[in-house]
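In: no sequence on this one, just coordinates:
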Ligand SMILES: Cc1ncc(C[n+]2csc(CCOP(=O)(O)OP(=O)(O)O)c2C)c(N)n1
Ligand code: SF4
Ligand code: SF4
Ligand code: SF4
Ligand SMILES: [Mg+2]
């Protein structure tokens, strides 16, 4: 891979500039900044409704240095498909020469749930696009409601932990696996544990011909109830505990990007965040739910390992 | 908008486009800060970890990609840079210790076109 020199990157102005109104320490703008650091081609960005879009385009200001289009919550996949197709048609008529790249991003609400159909269509039709899900595991812009990405036992405002219920009852869906099932040229999962992992994966996604999907786990300090300073540390725990494996699938070949050396129990990841505080009450530790979280993590890891092994056969 | 105030077809709808980019550089998000990152240049090894991780692109660098400081016009004081610094070169101090320091002292490059556009 060429051009991944961090020193050179500091000389370029990133597509997302200062003055956006994301909360202090939010993981989403870190992810979006890093995502574009390795890309040299001109880009057009589409953003689904959500914190990132709302806070980067507070009228009449824009935090974007590149063409940016806000579309509805549910249709980022369709909008980026249309823009890519229009560009292809106009290029065919000689109206464009540049090699423009098309990137859409949406939150987990806009991607796992409400925009899933539009995303699936875009991947199936084979557009030359990259879709990035910045996944803070809930509907943050409207006040931390649970989504299809919210982990089991997390307390969200529509799955609150209280006397009757211990937070969300269901497991999250595995959207990265759903994207893999579309048999597209590039799928990856990453988080903010290591900037180079985000930078290289998004660069690869954007440079891949055809549809690519990248799922980036990002903390929302308000919902996760963490110190805003801790975004990188909490993401490291997510990776080390295997709660969030980081890997990529390029042309059907699976590759683990990082394998934790020592065993970190998922309990350490859960304990680091206030959204799981109800599992750790002094006289009522929910060992059953902590163990169940560990079982889910182990099963997910084994399943991933199997996919990796069978792809390399 | 048309005189009657009634929009008859979609062509009547005024375009909702912001035509100049990077206009949010007019917005002083540094006013949100309650803690201030203070850089000890003697300790900094210019690894750029803080630059890579700052959610607000507020770490400033020179033409040799060395970290020169923090743009307090935008820095929200989240403390992420101090946490990722392997050299302990950034410490977080209460903003109230700096009340006399002008906020715009280290403001970065030109603010973009928003000023001209909106008379700010
Ligand atoms: C069709 C529709 N339903 C509901 C909303 C209200 N809404 C705006 S942002 C948002 C939450 C977005 O969640 P997510 O996609 O996860 O992004 P986040 O805010 O977490 O970054 C909701 C529910 C909307 N804009 N459109
Ligand atoms: S509510 Fe959460 S996701 Fe939204 S800007 Fe604030 S920290 Fe980021
Ligand atoms: S405190 Fe936060 S916003 Fe300020 S420079 Fe450090 S990382 Fe950036
Ligand atoms: S992380 Fe620390 S050592 Fe590295 S460039 Fe920033 S201030 Fe310097
Ligand atoms: Mg979300």
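Out: Alright, I've got the coordinates. Everything quoted here is computed from the prediction, not taken from an experiment. Ligands and ions are numbered 1, 2, ... in the order given.
In: Please count neighbours and contacts with C-alpha atoms only from this point.
Out: Fine.
In: separation between residue A:308 and residue B:12?
Out: From residue A:308 across to residue B:12, the span is 55 Å (Cα to Cα, to the nearest Å).
In: Could you report the distance from the residue nearest the centre of chain B to residue A:23?
Out: Nearest to the geometric centre of chain B sits residue B:74, at 2.9 Å (Cα atoms, centre = their mean). Distance of residue B:74 to residue A:23, given as Cα to Cα: 12 Å.
In: Equivalent analysis for residue A:271, please.
Out: Residue A:271 is 23 Å from residue A:23, by Cα to Cα.
In: more neighbours, these two?
Out: residue A:23 (21 against 15; other Cα atoms under 10 Å in any protein chain shown).
In: And what about that one, helix, strand or coil?
Out: Recorded secondary structure, residue A:23: coil (DSSP: H, G, I helix; E, B strand; the rest coil).
In: ranges for the helices of chain B?
Out: B:49-53, B:80-84, B:114-118 (DSSP state H).
In: Go through the ones you listed and find the least confident stretch.
Out: The minimum mean pLDDT among the helices of chain B belongs to helix B:114-118 (a mean of 41).
In: Give me the three-state assignment for residue A:134.
Out: When classified by three-state DSSP, residue A:134 comes out as strand.
In: Give the full set of residues in contact with it.
Out: A:28, A:31, A:105, A:106, A:107, A:108, A:215, A:216, A:217, A:218 (Cα atoms under 8 Å, 6 or more residues apart in numbering or on different chains).
In: do the same with residue B:31
Out: Contacts of residue B:31 by Cα under 8 Å, 6+ apart are B:73, B:74, B:76.
In: where exactly do the strands run in the stretch 201-313 of chain A?
Out: A:212-217, A:247-250, A:253-256, A:280-281, A:284-285 (DSSP state E, counting those that start in this stretch).
In: closest to residue A:164 out of those?
Out: strand A:284-285 (13.6 Å; Cα to Cα).
In: quick one: strands adjacent to the closest one?
Out: strand A:280-281 (antiparallel) (DSSP bridges).
In: residues in contact with the strand it pairs with?
Out: A:271, A:286.
In: Go ahead and measure how far it is from the middle of the chain.
Out: Strand A:280-281 sits 29 Å away from the centroid of its parent chain (Cα atoms, centre = their mean, to the nearest Å).
In: Please apply the same query to stretch A:177-195.
Out: Averaged C-alpha coordinates place stretch A:177-195 at 9 Å from its chain's average position (Cα atoms, centre = their mean).
In: end-to-end on it?
Out: End-to-end distance for stretch A:177-195, by Cα to Cα: 23 Å.
In: Buried residues in that stretch, which are they?
Out: A:179-180, A:183-195 (16 or more other Cα atoms under 10 Å in any protein chain shown).
In: Tell me which of the strands of the stretch 201-313 of chain A sits most buried.
Out: strand A:212-217 (a mean of 27; mean count of other Cα atoms under 10 Å in any protein chain shown).
In: elements contacting that one?
Out: Counting contacts by 3 or more Cα pairs under 8 Å, 6 or more residues apart in numbering or on different chains; DSSP states H and E, strand A:212-217 is packed against strand A:130-135, helix A:175-180, strand A:186-191, helix A:195-207.
In: ok, it near ligand 5 or not?
Out: No. Using Cα under 5 Å from the ion, strand A:212-217 never reaches ligand 5; the gap is at least 9.8 Å.
In: Run the chain-centre distance for that strand.
Out: With Cα atoms, centre = their mean, you get 5 Å for strand A:212-217.
In: So for it, mean pLDDT?
Out: pLDDT averaged over strand A:212-217 gives 99.
In: again with stretch A:7-16
Out: Rounded to a whole number, the mean pLDDT of stretch A:7-16 is 95.
In: any bit of that stretch sitting next to chain B?
Out: Yes. Stretch A:7-16 comes into contact with chain B (Cα under 8 Å from any Cα of the partner chain), by way of A:7, A:8, A:10, A:11, A:16.
In: With neighbour count, secondary structure and distance to residue A:162 added, can I get those residues in CSV?
Out: CSV is the format used below for the residues of stretch A:7-16 next to chain B (neighbours: other Cα atoms under 10 Å in any protein chain shown; DSSP: H, G, I helix; E, B strand; the rest coil; distance: Cα to Cα, whole Å):
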residue, neighbour count, secondary structure, distance to residue A:162
A:7, 16, helix, 49
A:8, 14, helix, 51
A:10, 22, coil, 47
A:11, 13, coil, 50
A:16, 25, strand, 39
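In: Name the nearest residue to the closest residue to ligand 2 within chain B, sequence neighbours excluded.
Out: Nearest residue of chain B to ligand 2 (Cα to the nearest ligand atom) works out as residue B:55 at 9.9 Å. Leaving aside its chain neighbours, residue B:55 sits nearest to residue A:30 (4.3 Å; criterion: Cα to Cα, 6 or more residues apart in numbering or on different chains).
In: rewinding a little: between residue A:308 and residue B:12, which one's more packed in?
Out: Applying other Cα under 10 Å to residue A:308 and residue B:12 shows that residue A:308 carries more neighbours, namely 19 against 11.
In: ok but residue A:147 is inside a strand, no?
Out: No. With three-state DSSP as the criterion, residue A:147 is assigned coil and is not in a strand.
In: Any idea how many residues pack against the residue of chain B found nearest ligand 1?
Out: At 14.2 Å from ligand 1, residue B:55 is the closest residue in chain B, using Cα to the nearest ligand atom. Residue B:55 has 32 neighbours, counted by other Cα under 10 Å.
In: wouldn't it be in contact with residue A:23 here?
Out: No. Counting by Cα atoms under 8 Å, residue B:55 stays clear of residue A:23, with 9.2 Å between them.
In: ok, back up a step: contacting residues for the residue nearest to the centre of chain B?
Out: Per Cα under 8 Å, 6+ apart, neighbours of residue B:74: A:18, A:19, B:27, B:28, B:29, B:30, B:31, B:56, B:58.
In: Would you mind measuring from the fourth one to residue B:72?
Out: Put plainly, it is residue B:28. From residue B:28 to residue B:72 the distance is 9 Å (Cα to Cα).
In: Kindly report the same for the second one.
Out: As for residue A:19, its distance to residue B:72 is 11 Å (criterion: Cα to Cα).
In: more neighbours, those two?
Out: Neighbours per residue, other Cα under 10 Å: of residue A:19 and residue B:72, the larger number sits with residue A:19, 27 against 24.
In: That one in helix, strand or coil?
Out: coil.
In: That's all I had, so thanks and see you.
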